[in-house]
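Q: Predicted model, plus sequence, below.
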Amino acid sequence: MNEMDVVHVLRDALTTTLLLSAPVFAVAVIVGLAIALFQALTSVQEMTLTFVPKTVAIVGTVMIGLPFLFQTLSGLMDRVINIIVGL
């Protein structure tokens, strides 16, 4: 395994990490903005109001996206193993 293989694996791993975290991050931001807007409009400043819906939305997003997450991670693992075996 030379330096270019290591750089390729690291770049592929970082790209996969961004690809997997983007939907969860987007849902968290959208739910957080909606809750902040609701709190600003109603003047309700309850701390648990921010955590519970965001947590439920994130868990729901992960549960719905599990097939995609596993497929993407197994693809990354297959590519890394092919590079290692190709030595």
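A: It's in. Keep in mind the model is a prediction, meaning the values are calculated, not measured. Numbers count the residues shown, from 1 in each chain.
Q: okay, CA-based contacts and neighbour counts for the rest of this
A: Noted.
Q: low-confidence ranges in this protein?
A: Low-confidence segments of the chain (pLDDT under 70): 87.
Q: and the residue nearest to the spatial centre of the chain, what does it touch?
A: Among the residues of the chain, the one closest to the centroid is S21, at 1.6 Å (Cα atoms, centre = their mean). When the contact criterion is Cα atoms under 8 Å, 6 or more residues apart in numbering, S21 has no partners at all.
Q: which element is it on?
A: In the assignment (DSSP states H and E), S21 maps to helix 3-42.
Q: ok, then the element right after that helix?
A: The first helix or strand that comes after helix 3-42 along the chain, using DSSP H and E, is helix 48-85.
Q: How about V62: what's its closest non-neighbour residue?
A: V24 (7.0 Å; Cα to Cα, 6 or more residues apart in numbering).
Q: Check the gap between that neighbour and F68 for me.
A: In this view, V24 and F68 are 12 Å apart by Cα to Cα, to the nearest Å.
Q: same thing with V9?
A: As judged by Cα to Cα, V9 and F68 stand 20 Å apart.
Q: More neighbours: these two, which one.
A: The residue with more neighbours, out of V9 and F68, is V9; 17 against 12, by other Cα atoms under 10 Å.
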